[in-house]
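Enquirer: predicted model and sequence follow; I will ask about them next.
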Amino acid sequence: MKQQQKIIVFMLAAVGLLVLPLVLQGFGNAWVRIADMALLFVLLSLGLNIVVGYAGLLDLGYVAFFAIGAYMYGLMSSPHLTETFPALAAMFPNGMHTPLIVVVPLAAGLAGIFGVLLGAPTLRLRGDYLAIVTLGFGEIIRVFMNNLDHPVNITNGPKGINQIDSLHFFGLDLGKKVVVGGFEVASVSLYYYLFLALVVISVIISHRLELSRVGRAWMAIREDEIAAKAMGINTRNLKLLAFGMGATFGGVSGAMFASFQGFISPESFSLMESVMIVAMVVLGGVGHLPGVILGAVLLSALPEVLRYVAGPLQAMTGGRLDASILRQLLTALAMIIIMLMRPRGLWPSPEHGKSLQATKP
């Protein structure tokens, strides 16, 4: 009976997710954009969960892989490189318009390589020291993106890259609305379905990794690295694999972000973004896929929903409080309350802490 109930719940959830953007369209495309960004942050959180949740490696520079994927797609799907380098313009007279089947593997591969490059010099570091090094890596990437406009203009510096192509999928341009049976499906809704498909694939990959020998080895390293090494686990290779696997999710998410926005700049990849992604994983429940998804959805959608609360509160104070600051205050207050009431996360793993609970008198 329980199995049947689970199947029914999954079916209802699937139908709800498929219908959601069509319902939100009735209230305006802004609500669908919030759902789109929430799915992108779910994809980022799933990738960081491999590093933080499974392997126990605190990574505060995860937004760097997000930036690498975004700039890779932006450079390969905009007029910027062909305008800067005449040789490329001669090779691609119609412009560089990278298809989806090329973008996803390239974004995943490039970000994965940088993930391994980050992991290699940090193998002997743990805890706070690892967090500081990864934080520095994230800032280095952002500074590079901000300054690689001289002497050769590669990233266009702080001005960013614009005129980025929307994604094309089997002849379907996701940047344009589609009319199906007299019903109009907006561009943001088309992107929603693409992001949802990527999230589903990522959840399946993460779940299979968690149950695999590699996943169990990661968790052994997380609980006690010395004991794991004593049991014959190759901690060096598995740490590098965790960094590389987590980075691939960030690279794919970055490419989708660049296509969705049509414009990218270094300001979109600040330290605050990394902190928010870590907060999503911790708030939802470290190492638990449903909890990570819940935390990502809440923390990505909550600030946008609070816009409608901060406005009236600002009006009540006669405009003395800035609405954006008030919105951040309300978000931080909500996070503090949740962590005080649920210190292990909103939806923690049922396995986590079981041995500690068994030893209590």
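Expert: That came in fine, so what should we check first? Numbers count the residues shown, from 1 in each chain.

Enquirer: would you mind measuring from Arg320 to Thr331?
Expert: 20 Å (C-beta to C-beta, to the nearest Å). Every C-beta, even on glycine, is put in place using the N, C-alpha and C of the backbone.

Enquirer: got it, and Met280?
Expert: 12 Å.

Enquirer: between the two, which is the more surrounded one?
Expert: Shown here are Met280 and Thr331; by other C-beta atoms under 10 Å, Met280 has more neighbours (26 against 19).

Enquirer: ok, the more buried one - contacts?
Expert: 41, 44-45, 48, 292, 295-296, 298-300 (C-beta atoms under 8 Å, 6 or more residues apart in numbering).

Enquirer: report the two of those residues separated the most.
Expert: Farthest apart among those by C-beta to C-beta are Leu48 and Leu298. That separation is 15.7 Å.

Enquirer: ok, the two, which is more surrounded?
Expert: Leu48 (26 against 20).

Enquirer: leaving out sequence neighbours, find the closest residue to that one.
Expert: Residue nearest to Leu48 in three dimensions, not counting chain neighbours: Tyr62, with 5.0 Å by C-beta to C-beta, 6 or more residues apart in numbering.

Enquirer: tell me the contacts of the one you found?
Expert: Contacts of Tyr62 by C-beta under 8 Å, 6+ apart are 44, 47-48, 51, 134, 138, 246, 250, 274, 277-278.

Enquirer: so what's the backbone phi/psi at it?
Expert: phi -60, psi -30 (degrees, to the nearest 10).

Enquirer: do the same with Met341
Expert: Taking degrees, to the nearest 10 as the convention, Met341 sits at phi -80, psi -30.

Enquirer: next, count neighbours for it.
Expert: Met341 has 8 nearby residues by other C-beta under 10 Å.

Enquirer: and the helix or strand hosting Leu110, what does it pack against?
Expert: Element membership of Leu110 [criterion: DSSP states H and E] is helix 100-119. Packing contacts for helix 100-119, counted by 3 or more C-beta pairs under 8 Å, 6 or more residues apart in numbering; DSSP states H and E, involve helix 63-76, helix 235-261.

Enquirer: now do the contacts for the spatially closest residue to Asp165 that is not a sequence neighbour.
Expert: Counting by C-beta to C-beta, 6+ apart, Ser77 is the residue found nearest to Asp165 once chain neighbours are left out, at 4.1 Å. By C-beta under 8 Å, 6+ apart, the residues touching Ser77 are 96-98, 103, 164-165, 258-259.

Enquirer: from Arg327, how far out is Ser77?
Expert: 33 Å.

Enquirer: wait, Gly157 sits on Val143?
Expert: No - Gly157 lies out of contact with Val143 (C-beta atoms under 8 Å); the separation is 10.8 Å.

Enquirer: and those two? which has more neighbours close in?
Expert: Gly157 (16 against 11).

Enquirer: near the nearest residue to the more buried one once chain neighbours are set aside, how many other residues are there?
Expert: Nearest residue to Gly157, sequence neighbours excluded (C-beta to C-beta, 6+ apart): Asp149, at 3.2 Å. Residues near Asp149, counting by other C-beta under 10 Å, number 15.

Enquirer: quick check, Asp149 in a strand?
Expert: No - Asp149: not assigned to a strand; according to DSSP: H, G, I helix; E, B strand; the rest coil it is coil.

Enquirer: list the contacts for it?
Expert: Counting by C-beta under 8 Å, 6+ apart, Asp149 has contacts 155-159.

Enquirer: Glu83: which of the residues you listed is nearest?
Expert: Nearest to Glu83 among the contacts of Asp149, with distances taken as C-beta to C-beta, is Asn156, at 9.9 Å.

Enquirer: and that closest one, how far from Met272?
Expert: From Asn156 over to Met272 the distance is 22 Å, taken as C-beta to C-beta.
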